[in-house]
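[1] Here is my input; please provide its structure:
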Amino acid sequence: MFEQAFKNIDDHLWKDAGCSSELDYVEQTSWILFLKYLDDLEKSKEAEAKLSGKTYAPIISDKYKWNAWACPKTKDGKLDNHKALTGDDLKDFVDGKLFPYLRKFRTTAEHPDTIEYKIGEIFHELKNKVQSGYNLREVINRVDELRFRTHAEKHEMSSLYEDKIKNMGNAGRNGGEYYTPRPLIKTIIKVVDPKIGETIYDGAAGSAGFLVEAFEYLKQGKLSTKDMETLQKKTFYGKEKKSLAYIIGVMNMILHGIEAPNIIHTNTLSENLNDISDKDRYNVVLANPPFGGKERAEVQENFTIRSSETAYLFMQHFIKILKANGRAGVVIKNTFLSNTDKASIQLRKLLLESCNLHTILDMPGGTFTGAGVKTVVLFFEKGTATRKVWYYQLNLDRNLGKTNALNEKDLENFLKLQKTKADSENSWTMKMVDIDSKTFDLSVKNPNKKEENTLRSPKQILKEMRQLDVEINDILDQIAELI
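    Residues are numbered from 1 along each chain as shown. A predicted model of the protein is given here:
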């Protein structure tokens, strides 16, 4: 039911002049979904309060409740067409009254860690882009069909929302920066192995995939009420610079069950490294900082190692913000390992001398749809210098792409061997004494890789050509939609 509802919503948004891309579809679906989710959350809390003999104080006042403006119902539970706003009346109410009301929560909330504050933050960053009040009415009607009351309903909804984020990433252009493949995220979390009671941080949160998956990882098994409260309020922290990514990240965490996500809308890199003290540090860092981003000269001045490459500034930030013995799993372009510019060399030196870089996972091309870069994952612990690095090169028997994505099975052998850091055809260890002390070059050079015949069979070539044709046709379809 939910999947078909999402398709219907996209169909109505596609018809609207104010929504022109997958990014717009996700953004506009997000705020309407959020208000329906909030209405169901309030109903659940009110019911819980009654059962325990308490009084529930609602967050949203009567005039702005879902059943007052979005979908007022008749006694038999059907939409009351006499009371339900539509056309210009609906658009005027949403733009002129609803959004201003919701934005005020940012200034009236008691604390930033409350859902009231998050409501204000979300609607301060958002605007309604649906230009037709009639299209908006159709979307609202479709969203009203969705329920967020049971665990199963919330799980299905969160999974579908993840799919929408994934599709946004697959749409190319700047959409790709919002989505890190979930099999890779889950694998990174398994290696870092966070524990309940530890704080987990992502300074380039995007759609909050790392934080969401860390929550799913930690809530497995039997947890006490205190454990759940710790996970809700004292575990996950993030920062995100871009408005849309921030909104999607907050929504993603809320739909996965974290009511008031500790994500701040800010440029992480605007913080001076020297201002980070012990109280600001975290036990675990999980992140995929933006590829190839650039920062202004005044932002670079916040860092010891100056660079216009955003990922290099993030790496310094992550090292600094980790607690002693803190652990990290960070995705970065593979060129970081071998670049000969001054900043790259200095950063590798800093990493190796201040942290134990124990594992490097070398990912194949195509891991990130549309990104066009090869990446590695750096696993390190802060506090002791690196003595040796264990490498694993992920060699697959297929080309990764939109129609042939990375899966968890692809990474099973890595996880198995990483526990003991064993040597294999695809894994090996390099000692620090064998690393050039001037360049600190960490290039991936597999000494165990058997020489292979570079000639491919005709069947293999045809298979790859067909796969490329599928991907090219997908791209042409996307271009056609824009013309």
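
[2] List the contacts of Ile140.
    In this structure, Ile140 makes contact with 32, 70-71, 90, judged by C-beta atoms under 8 Å, 6 or more residues apart in numbering. For the C-beta atoms, the positions are set from N, CA and C on the backbone; glycine is no exception.

[3] and which of the residues you listed is nearest to Lys402?
    Ile32 (27.7 Å; C-beta to C-beta).

[4] Return the per-residue confidence for the nearest residue to Thr114 once chain neighbours are set aside.
    Across the structure, with C-beta to C-beta, 6 or more residues apart in numbering as the measure, the residue nearest Thr114 apart from its sequence neighbours is Ala260 (5.5 Å). We note a pLDDT of 83 for Ala260 in this prediction.

[5] Kindly report the same for Tyr246.
    At Tyr246 the predicted local confidence, pLDDT, stands at 87.

[6] That one and His265 touch, don't they?
    Yes: the pair Tyr246 and His265 qualifies as a contact (C-beta atoms under 8 Å) at a distance of 4.5 Å.

[7] residues shared between the contacts of these two?
    Between them, Tyr246 and His265 share these contacting residues under C-beta under 8 Å, 6+ apart: 121, 125, 240.

[8] beta partners for the last one?
    In this case it means Glu240. Here Glu240 sits in beta bridges with His265, as judged by DSSP bridges.

[9] least confident pick among the contacts of Ile140?
    Comparing pLDDT over the contacts of Ile140, the lowest reading goes to Ile32, 91.

[10] And the helix or strand in which Ala214 is found, how far out from the chain middle?
    If you go by DSSP states H and E, Ala214 is part of helix 209-218. On the basis of C-alpha atoms, centre = their mean, to the nearest Å, helix 209-218 is displaced by 10 Å from the centre of the chain it belongs to.

[11] do the same with stretch 199-216
    Centroid separation for stretch 199-216 versus its chain: 6 Å, with C-alpha atoms, centre = their mean.

[12] May I have that stretch as PDB, with CA atoms only?
    C-alpha atoms of stretch 199-216 as PDB (Å, rounded to 0.1, in the frame of the first residue of the first chain):
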ATOM      1  CA  THR A 199      28.500   8.900  21.400                       C
ATOM      2  CA  ILE A 200      28.400   8.600  17.600                       C
ATOM      3  CA  TYR A 201      29.100  11.500  15.300                       C
ATOM      4  CA  ASP A 202      28.800  12.400  11.600                       C
ATOM      5  CA  GLY A 203      29.900  15.900  10.700                       C
ATOM      6  CA  ALA A 204      28.800  15.500   7.100                       C
ATOM      7  CA  ALA A 205      25.500  13.900   7.800                       C
ATOM      8  CA  GLY A 206      23.700  14.200   4.500                       C
ATOM      9  CA  SER A 207      20.600  12.000   4.600                       C
ATOM     10  CA  ALA A 208      21.900  10.600   8.000                       C
ATOM     11  CA  GLY A 209      22.400   7.200   6.600                       C
ATOM     12  CA  PHE A 210      25.300   6.400   9.000                       C
ATOM     13  CA  LEU A 211      23.400   7.600  12.100                       C
ATOM     14  CA  VAL A 212      20.200   5.700  11.000                       C
ATOM     15  CA  GLU A 213      22.100   2.400  10.400                       C
ATOM     16  CA  ALA A 214      24.100   2.800  13.600                       C
ATOM     17  CA  PHE A 215      20.700   3.100  15.500                       C
ATOM     18  CA  GLU A 216      19.400   0.000  13.800                       C
END
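
[13] still on that earlier bit, what's the local residue count around the residue nearest to Thr114?
    Other residues within reach of Ala260, judged by other C-beta atoms under 10 Å, total 20.
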